[in-house]
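Asker: how would this look folded up:
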Amino acid sequence: MTKLSVNINKIATLRNARGGNVPDLIKIAVDLEKFGAEGITIHPRPDERHIRRKDVYDLKPVVKTEFNIEGYPSKDFLQLIKEIKPAQATLVPDPPHVLTSNAGWNAREQKTFLQDCIAEIHSYGVRSSVFIDPDPEMMLHAKETGTSRVELYTEAYASHYSIDKAKAIAPYITAAKKAVELGLGINAGHDLSLENLKYFAQNIPQLLEVSIGHALISDALYFGLENTVQLYLRQLK
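Answerer: Numbers count the residues shown, from 1 in each chain. Got it, this is the predicted structure:
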């Protein structure tokens with residue numbers, strides 16, 4: 001079964017809006033695991049607009065499932081991975097000023113850079129994943145970076161799902177088949193929701209993990225956090 005990793009950046013954003021420690025990010029991470037989440041994802045940024053560096057260290061001893069840290073592989077990020085040693089480091093090609101991730105790596109043009117970063121991450125005993133567009137050619141180049149997995153950037157799928165879901169998912173199926181052929185593990189994330197998750201999971205071969213934050217936390221405002229986690233898990237069964 002595909003694992004559900006919950007991105008808790010939005011919880012940190014809400015906390016930071018008023019200062020203090022409400023909502024309690026660490027408690028929510030623990031509760032999410034109790035409610036059935038099979039991973040906790042964070043994406044710390046240099047300006048600490050949501051996840052703070054201290055949060056990363058506070059989460060390390062309490063996350064008992066898979067701890068996934070996303071980010072641009074700067075020197076500071078790689079040092080954080082070295083010190084925390086999460087289960088997975090997901091490399092995302094977004095500079096500090098970007099609001100949210102909006103593209104995958106061009107693994108062909110940035111192959112040498114990614115090879116160096118991934119080799120360093122693996123030296124710490126951490127699994128690597130590379131955020132990438134659903135392009136079979138990019139799967140070939142991603143394989144040559146040495147990454148353990150790819151994370152399919154699913155914004156395009158989510159945007160076009162309500163228009164023509166078969167057409168929207170077609171390039172993801174093709175890319176996923178190439179990734180499987182090459183021996184790459186497959187993750188996915190960005191704008192996946194209760195509306196579009198089940199169809200995606202049913203059609204992507206050997207999908208190991210999805211990382212979902214914004215939609216899940218938004219749904220929790222209506223359904224409650226525990227119930228929402230269960231609703232998402234049902235889409236993956």
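Asker: Determine the longest helix present in this structure.
Answerer: Longest helix in the chain by number of residues (criterion: DSSP state H): helix 165-182.
Asker: and that one, average pLDDT?
Answerer: Helix 165-182 carries an average pLDDT of 98.
Asker: Stretch 74-88 too?
Answerer: If you average the pLDDT over stretch 74-88, you get 97.
Asker: Now for the residue nearest the centre of the chain: which residues touch it?
Answerer: Against the mean C-alpha coordinate of the chain, by Cα atoms, centre = their mean, the closest residue is Ser211 at 4.2 Å. Applying Cβ atoms under 8 Å, 6 or more residues apart in numbering to Ser211 gives the contacts Ser5, Val6, Asn7, Gly39, Thr41, Asn68, Glu70, Thr90, Glu151, Asn187, Ala188, Gly189. C-betas here are computed from N, CA, C, even on glycine.
Asker: In the residues you listed, find the pair that's most separated.
Answerer: For those, with distances taken as Cβ to Cβ, the pair at the greatest spread is Val6 and Glu151 (15.0 Å).
Asker: so where's the protein uncertain?
Answerer: Filtered on pLDDT under 70, the chain yields the residue ranges 95-102.
Asker: Helices of that one, residue ranges please.
Answerer: With DSSP H as the criterion, the chain has helices at 9-18, 25-34, 53-59, 75-84, 111-123, 136-145, 155-160, 165-182, 197-203, 214-223, 225-236.
Asker: C-alpha coordinates for stretch 54-61, CSV please?
Answerer: Extracted in CSV, the C-alpha atoms of stretch 54-61 (Å, rounded to 0.1, in the frame of the first residue of the first chain):
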residue,chain,number,x,y,z
LYS,A,54,14.6,24.4,16.0
ASP,A,55,11.5,22.5,14.9
VAL,A,56,13.6,20.1,12.9
TYR,A,57,15.7,19.1,15.9
ASP,A,58,12.5,18.9,18.1
LEU,A,59,10.8,16.6,15.7
LYS,A,60,13.7,14.2,15.2
PRO,A,61,13.2,12.3,18.5
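Asker: in it, what's buried?
Answerer: Neighbour-count burial for stretch 54-61, with 16 or more other Cβ atoms under 10 Å as criterion, is recorded at Asp55, Val56, Leu59.
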